[in-house]
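>>> Predicted model follows, preceded by the sequence.
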Amino acid sequence: MRIVLVGPPGAGKGTQAVRLAEKLAIPHISTGDLFRANISQQTELGKLAKSYMDAGNLVPDEVTIAMAKDRMEQPDAEGGFLLDGFPRNVSQAEALDELLVTEGIKVDAVLDLEVPEEEVVKRIAGRRLCRNEPSHVFHVTYSPPKKEGVCDICGGELYQRDDDSEETVRKRLEVYHTQTEPIIDYYKTQGLVVTISSLGPVDEITQRALEALKREKAEQ
Ligand code: AP5
């Protein structure tokens, strides 16, 4: 299956993507994670992306589409993938469609995670990430690590993302409403959108998502 995950910052896209990708046996492709890997490796792409990310803006389409295309063309993505954070505007959605059409394939479903804005702010303020790869995600209240500042899974140091400050989160939400939300209508015209609530225990949301994707597949 080729799935696009959509939702505001802090909706739980990364949290759910890891679980869904495992259950569906497809790779999880996160453009945010790819940019952060470039930043930690201090590549030219990382330097460029950081200036946009720290301001809460989208990284320019040209570099983002090229990076996503390169990742989707890796052998492990041949049978399907779960896109998290891409596409993020209508131009990127059109570019993705064009790319898939040339290979005779298409997006099978767009999973839209709904969560109220006040919950987003709480989730992002408390988020902590592991510095090691893959970067495990914690929350100081909702899923705290056993030992403060230390990853339960690999013992790595936990940190707070530079773009998780209150001011940048407000900007990221504005960008989501103006630039990313229109892709939901874009995909609705193709009959691909399934919307679920992203409130409640993480495992319940995964179950909700799997059932919604199964229904969507059965209806096609
Ligand atoms: P990206 O990394 O994609 O960030 P985002 O979309 O803003 O989403 P987040 O990672 O903040 O949140 P999430 O929905 O994954 O939530 P999470 O699961 O971590 O993008 C960052 C930047 O990169 C962009 O601003 C842009 O600059 C650039 N970029 C990326 N892609 C781009 C593109 N295509 N084009 C241009 N630029 C691009 O959960 C959040 C917290 O909540 C965690 O602490 C978690 O533990 C907790 N949590 C999760 N689920 C629950 C639950 N059910 N109950 C309680 N807590 C929960």
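Nice, thanks for sending it over. As the structure is a prediction and not an experimental result, all values here were calculated from the model. Numbering: from 1, shown residues only.
>>> Quick check: bridge partners of the most centrally placed residue in the chain?
Nearest residue to the geometric centre of the chain (Cα atoms, centre = their mean): Asp84, 2.8 Å. With DSSP bridges applied, Asp84 shows beta-bridge pairing to Leu5, Ser30.
>>> show me what contacts it?
Contact analysis of Asp84 by Cβ atoms under 8 Å, 6 or more residues apart in numbering lists Leu5, Lys13, Gly14, Ala17, His28, Ile29, Ser30, Thr31, Gly32, Asp33. C-beta: built from backbone N, CA, C; applies to glycine.
>>> tell me the contacts of the nearest residue in space to Ser197 that is not next to it in sequence?
Sequence neighbours aside, Glu114 is the residue nearest to Ser197 in space, at 5.4 Å (criterion: Cβ to Cβ, 6 or more residues apart in numbering). Contact analysis of Glu114 by Cβ under 8 Å, 6+ apart lists Gly7, Ala11, Thr195, Ile196, Ser197, Ser198.
>>> at 10 Å instead, please
Val6, Gly7, Pro8, Ala11, Thr195, Ile196, Ser197, Ser198, Leu199 (Cβ atoms under 10 Å, 6 or more residues apart in numbering).
>>> of all these, which two lie farthest apart?
Greatest spacing in the contacts of Glu114, by Cβ to Cβ: Val6 and Leu199 (16.2 Å).
>>> how far away is the closest residue in space to Gln179 that isn't next to it in sequence from Val121?
Leaving aside its chain neighbours, Gln179 sits nearest to Asn89 (4.5 Å; criterion: Cβ to Cβ, 6+ apart). Per Cβ to Cβ, to the nearest Å, Asn89 is found 23 Å from Val121.
>>> quick one: which of these two has more around it?
Asn89 (20 against 16; other Cβ atoms under 10 Å).
>>> who touches the more buried one in this structure?
Going by Cβ under 10 Å, 6+ apart, Asn89 touches Leu58, Asp61, Thr64, Ala95, Val175, Thr178, Gln179, Thr180, Glu181, Pro182, Ile183, Tyr186.
>>> roughly how far apart are it and Val194?
As defined by Cβ to Cβ, Asn89 lies at a distance of 21 Å from Val194.
>>> If we check the ligand, which of the contacts of Glu114 are in contact?
Restricting the contacts of Glu114 to those touching the ligand (Cβ under 6 Å from any ligand atom) yields Gly7, Ala11.
>>> And the contacts of Glu114, which is closest to the ligand?
The ligand lies nearest to Ala11 out of those, by Cβ to the nearest ligand atom, at 4.1 Å.
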